[in-house]
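Asker: Generate coordinates for the sequence data below:
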Amino acid sequence: MKDHGLIPATPAEEDYARAAARAEGVALAAGGEPIALFQQWLAEANTTEKDLANAMALASVDADGLPDCRMVLLKGVDARGFTFYTNTESAKGEQLAANSRAALCFHWKQLGRQVRARGPVESVSAEEADAYFATRAHSAQIGAWASDQSRPLEGPRVLERRIAEAGVKFGLRKVPRPPHWSGYRLLPASIEFWRERPFRLHQRLLFERRGEGWSTRRLFP
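Answerer: Numbers count the residues shown, from 1 in each chain. Have a look, this model is predicted:
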């Protein structure tokens, strides 16, 4: 079966030449602190990507050991790790409850950069979850009450009815955080930075947790 143009062609020499010109003067230096480097890259991605530079692929494992992956939004990053929020009764929530380890991946096409991290996952505090939930739009707060995320949906009108019911229940007053809605923090055991280079000779720099610090090593592309 032909792909009918759905799969991009393999880069030609001139494509590599343009990539080389774009990458000129940019270095991926070893050493330092990976979270600070990530924050720098994210700040740059916020200026170059069309939208959602904080979008990341989150991978977890189900009860049968089968990997699962979906896109979520990074909502916080500091020395502790990477934070995101979700319905804790969703598929990802159940998987993380059974196996509290995960991996994540950011890809910024315009910059030609990628960051991967993996490690154990912990729940954020109730105070953190409350504080973030309060910043969400009122309609998004209502949606968190109305949706049984990942559960079978008998039809679109069921969700519409539940949204309407939640809207009537809370009106325009402050919406409390649902008990099944909270956040998780991935505590990185390793973080890998990847930078696109011409001719597939990409740069890869791996940080691995060593006690309170980090070790670094370069990897072949």
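Asker: Report the residue spans of the chain with pLDDT below the cut-off.
Answerer: For the chain, residues meeting the criterion pLDDT under 70 lie at 1-4, 10-11, 13, 15-31.
Asker: Phi, psi for the residue nearest the centre of it please.
Answerer: Residue closest to the average C-alpha location in the chain (CA atoms, centre = their mean): Met56, at 2.5 Å. Main-chain dihedrals, Met56, degrees, to the nearest 10: phi -140, psi 150.
Asker: quick check: longest strand of this protein.
Answerer: strand 113-123 (DSSP state E).
Asker: what's the spacing between that one and its chain's center?
Answerer: 8 Å (CA atoms, centre = their mean, to the nearest Å).
Asker: Stretch 186-202 too?
Answerer: The answer for stretch 186-202 is 15 Å, by CA atoms, centre = their mean.
Asker: Please save the CA atoms from it in PDB.
Answerer: Provided in PDB are the C-alpha atoms of stretch 186-202 (Å, rounded to 0.1, in the frame of the first residue of the first chain):
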ATOM      1  CA  LEU A 186       7.600  13.000  37.800                       C
ATOM      2  CA  LEU A 187      10.900  12.900  39.800                       C
ATOM      3  CA  PRO A 188      13.500  12.500  37.100                       C
ATOM      4  CA  ALA A 189      16.100   9.800  37.600                       C
ATOM      5  CA  SER A 190      17.400  10.700  34.100                       C
ATOM      6  CA  ILE A 191      16.900  13.500  31.700                       C
ATOM      7  CA  GLU A 192      18.200  13.400  28.100                       C
ATOM      8  CA  PHE A 193      18.700  16.500  25.900                       C
ATOM      9  CA  TRP A 194      18.700  15.900  22.100                       C
ATOM     10  CA  ARG A 195      19.600  18.600  19.500                       C
ATOM     11  CA  GLU A 196      19.200  18.200  15.800                       C
ATOM     12  CA  ARG A 197      22.300  18.300  13.700                       C
ATOM     13  CA  PRO A 198      22.800  17.800  10.000                       C
ATOM     14  CA  PHE A 199      23.300  14.400   8.400                       C
ATOM     15  CA  ARG A 200      21.600  12.700  11.400                       C
ATOM     16  CA  LEU A 201      24.700  13.400  13.500                       C
ATOM     17  CA  HIS A 202      22.500  14.700  16.400                       C
END
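Asker: Could you list the buried residues of that stretch?
Answerer: By neighbour count on 16 or more other CB atoms under 10 Å, the buried set for stretch 186-202 is 186-188, 190-198, 202. All C-beta atoms are positioned from the backbone trio N, CA, C, and that covers glycine.
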